[in-house]
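Undergrad: attaching a predicted model along with its sequence, questions to come.
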Amino acid sequence: QVQLVESGGGLVQAGDSLRLACAASGRTFSAYAMGWFRQAPGKEREFVAAITQSGYSTFYTDSVKGRFTISRDNAKNMVYLQMNSLKPEDTAVYYCAAKTYGTSMRTDEYAYWGQGTQVTVSS
């Protein structure tokens, strides 16, 4: 099992940057593919980005390509989401999640979730 704790959210203005972090417990962090998801008020949770166990491959939803970067540090049991050029539509609670085997954009394929961190982007 793995436990996940997100941090780094906050209130920023459009065009600003934030770096989210997700700390994972357990000795087998490198065995998990990791993902970031977000949920805006009144909307379903949606995929944002994912990274393979090695960190070699990354995947993004179209709306964040070129602005967000997912990365991981297996030695520190950490996964990050660097968010640049933030827009008001990026406002949401951001969650990190872990799954075995390959990455996925589907929320129901991730077994472990953090509690979320709020990101609010003002115009």
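TA: Nice, I can see it.

Undergrad: from here on, contacts and neighbour counts on C-alpha atoms
TA: Noted.

Undergrad: relative to Ser123, how far out is the most centrally placed residue in the chain?
TA: Nearest to the mean C-alpha position of the chain, counting by CA atoms, centre = their mean, stands Trp36 at 2.3 Å. Distance of Trp36 to Ser123, computed by CA to CA, to the nearest Å: 23 Å.

Undergrad: same deal with Thr58?
TA: Relative to Ser123, Thr58 is positioned 29 Å away (CA to CA).

Undergrad: with neighbour numbers in mind, choose between the two.
TA: Thr58 (16 against 11; other CA atoms under 10 Å).

Undergrad: so what's the closest residue to the more buried one other than its chain neighbours bridging to?
TA: Spatial nearest neighbour of Thr58, excluding adjacent residues (CA to CA, 6 or more residues apart in numbering): Ile51 at 4.5 Å. With DSSP bridges as the criterion, Ile51 is bridged to Met34, Thr58.

Undergrad: so who does Ile51 touch?
TA: Ala33, Met34, Gly35, Ser57, Thr58, Phe59, Ile70, Ser71, Arg72, Thr103 (CA atoms under 8 Å, 6 or more residues apart in numbering).

Undergrad: dump the residue contacts of the second one.
TA: Just to be clear, that refers to Met34. Met34 is in contact with Ala50, Ile51, Thr52, Gln53, Val79, Cys96, Ala97, Ala98, Lys99, Thr103, counting by CA under 8 Å, 6+ apart.

Undergrad: same question, the third one
TA: Under the criterion of CA under 8 Å, 6+ apart, the neighbours of Gly35 are Phe47, Val48, Ala49, Ala50, Ile51, Cys96, Ala97, Ala98, Thr103, Ser104.

Undergrad: next step: those restricted to strands.
TA: Phe47, Val48, Ala49, Ala50, Ile51, Cys96, Ala97, Ala98 (DSSP state E).
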